[in-house]
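S.K.: 3D, please:
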Amino acid sequence: MTTEAALRYAAQSAILLLGLLALLVMLHQGRFLLAPMSLAVFIGLMLGPIATRLERLGVWPAFAAVAVVLIFIILVGGFLTAIAAPLTTWADRIPQIWSELQLQLSNLRQPLNTIKDLQEQIRSVTGGASVTVAVKEDTTVESVAVLAPSLLAQLLIFFASLYFFIATRHETRAAILRLCFNRRLRWRVAHIFRDVENAVSDYLLSITIINIGLGVAVSIALWFLGVPSPALWGAMATLLNFVIYIGPAVMACILLAVGLATFDTLTASFIPPLAYLAFNATEAQFVTPTVIGRRMTLNPFIVFLAIAFWLWMWGPVGGFIAIPALLTIYAVAGNIIPGIEPPAASGSSTQKRYRQPRRPIEKAASPMSRSSSPPVRPVPPD
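M.R.: Just a heads-up that it's a prediction; the model follows:
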């Protein structure tokens, strides 16, 4: 490699690195707007088939979008109303749970004291000085006064984005296709739209049904074990299971605290989290691979990195959209990079379509494209 070629390669790499850093900064600094808007887009992809069915019945797209948004609000509002009362009751019992935890961990006091004495000896040998940290405690009223306007603004951004995305999704796709300067590019972009809609909608709908089933099973198991408010913990298991890896760990810790407040012995306190982990392992190892694995396969390590990245970027919202965002990237890469298949299982109709010679999109029909989204309009000739 010549010096000029090496310098050119180094310059291109530096530009790519700077662009990546700029993208990361933009995502982090723009999370106030980008997080609710991205969440609205993925929820809109999941609810898009409902709007499509209403439009086929003769409902105007604007009215169909209003109906879909209202259905979503009713479902979320009913869920929050159902868990509000028991959640408030358990919030009042947090001091009792903390007392029970201290009582159960009293047997570990001697080892902890030994570690503390060792720390003091090391500090005296190294000459380290103790550091006093002063924590300023804000009242609950002040915290609510600071967070309420921001939360309300993000909710308004979310619902507005959800409505306009559902109402104008066909016009937006047509406008983007008109920007493509040749027929082949329009064909490729149209397939990207279709694959993204299919992958995200199928995943979110399937995982929602699976998580609801998991929540029902957890509720029944906790009811048999005599744990108070089993429906509350089943609902929380459903919600937290959308954030894979992280959500189940948080739910197990919550059930451990509930077990400490419910049972008298430390051994019995571990029964609720162990029962939940057994159901979660069954769901993760058998149910989800059986239902979703036939249509999409993702590298577990890449999934973990995606979840960690989006949690770092946008918090809980990022944890929810991590997998849909990864599926979107796979769908785009599968149409522009040779050797990368769209997110579907081997042998499915989607992959078979991509192994066939390229054909106009109006002739390459598949059951998946007809069931989850309206057929893409024929691309006009140049």
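S.K.: only C-alpha atoms from now on, for both contacts and neighbour counts.
M.R.: OK.
S.K.: do you know how far the most centrally placed residue in the chain is from Leu326?
M.R.: With distances taken as C-alpha atoms, centre = their mean, Phe320 lies nearest the centre of the chain, 1.5 Å away. As judged by C-alpha to C-alpha, to the nearest Å, Phe320 and Leu326 stand 11 Å apart.
S.K.: so which strand or helix has Pro228?
M.R.: For Pro228, there is no host helix or strand (DSSP states H and E).
S.K.: was I right about Leu232 contacting Ile83?
M.R.: Yes - taking C-alpha atoms under 8 Å as the definition, Leu232 is a contact partner of Ile83 at 5.6 Å.
S.K.: who has more neighbours, the two?
M.R.: Between Leu232 and Ile83, Leu232 has the larger neighbour count (other C-alpha atoms under 10 Å), namely 20 against 16.
S.K.: quick one: mean pLDDT for the helix or strand hosting that one?
M.R.: Following DSSP H and E, one finds Leu232 within helix 230-240. Confidence for helix 230-240, expressed as mean pLDDT, is 91.
S.K.: which residues touch it?
M.R.: The contact list for helix 230-240, computed with C-alpha atoms under 8 Å, 6 or more residues apart in numbering, reads 82-83, 86-87, 211-212, 214-220, 222-223, 247-248, 250-251, 255.
S.K.: run the chain-centre distance for it.
M.R.: Centre-to-centre, helix 230-240 and its host chain are 16 Å apart (C-alpha atoms, centre = their mean, to the nearest Å).
S.K.: buried stuff in the helix or strand following that helix?
M.R.: As assigned by DSSP H and E, the chain's next helix or strand after helix 230-240 is helix 246-262. For helix 246-262, the neighbour count (16 or more other C-alpha atoms under 10 Å) marks 246-248, 251-252, 254-262 as buried.
S.K.: is Ile157 in a helix, a strand, or coil?
M.R.: Under DSSP: H, G, I helix; E, B strand; the rest coil, Ile157 falls in the helix class.
S.K.: that one against Pro36, yeah?
M.R.: Yes - taking contacts as C-alpha under 8 Å, Ile157 lies within contact range of Pro36: 6.4 Å.
S.K.: in the stretch 201-350 of the chain, which ranges drop under the pLDDT threshold?
M.R.: Filtered on pLDDT under 70, the stretch 201-350 of the chain yields the residue ranges 293-297, 339, 341-350.
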